[in-house]
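Visitor: okay, structure incoming, though there's no sequence with it:
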């Protein structure tokens, strides 16, 4: 029983972090790169610009899609093995 709880928790966390990574990865397709008038290497002015810089620099969309797929696959396999509800954490 304890092993299934850990696997379900891991699967749910993978899906949640995967969705967050996908949302961060989609930022470059929605928002333009924030150019600053302060010159080179001025850095971000606030946390939102930092998130945009990170989104433009990373592979978050790819990792997020993989994490969501692996999480759903893990939860699907657990659902097939154990009867009952998918996300009931006992």
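Guide: That came in fine, so what should we check first? Nothing here was measured: the structure is a model prediction, and the numbers come from that model. Numbering: from 1, shown residues only.
Visitor: show me the shaky parts of the protein.
Guide: Applying pLDDT under 70 to the chain flags the ranges 1-2, 36-41, 81-90.
Visitor: show me where it has its helices.
Guide: 2-30, 47-57, 60-81 (DSSP state H).
Visitor: give the contact list for the closest residue to residue 75 other than its chain neighbours.
Guide: Leaving aside its sequence neighbours, residue 75 sits nearest to residue 11 (CB to CB, 6 or more residues apart in numbering; 4.2 Å). From N, CA and C alone the C-beta is placed, and that goes for glycine too. Listed by CB atoms under 8 Å, 6 or more residues apart in numbering, the contact set of residue 11 reads 71-72, 74-75, 78.
Visitor: what's in contact with stretch 53-68?
Guide: 14-15, 17-28, 33-34, 44.
Visitor: what about 6 Å?
Guide: Residues outside stretch 53-68 that contact it (CB atoms under 6 Å, 6 or more residues apart in numbering): 14-15, 17-18, 21-22, 24-25, 27-28, 33, 44.
Visitor: how near is residue 61 to residue 26?
Guide: Residue 61 is 6 Å from residue 26, where distance means CB to CB, to the nearest Å.
Visitor: between those two, who's got more neighbours?
Guide: residue 61 (18 against 14; other CB atoms under 10 Å).
Visitor: now a PyMOL select for only the buried ones of the contacts of residue 11.
Guide: In PyMOL, this line selects whichever of the contacts of residue 11 come out buried by 16 or more other CB atoms under 10 Å:
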select buried, resi 71+74+75
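Visitor: between the contacts of residue 11, which sits nearest residue 3?
Guide: Among these, residue 78 lies closest to residue 3 (CB to CB), at 10.0 Å.
Visitor: residues contacting the closest one?
Guide: 7-8.
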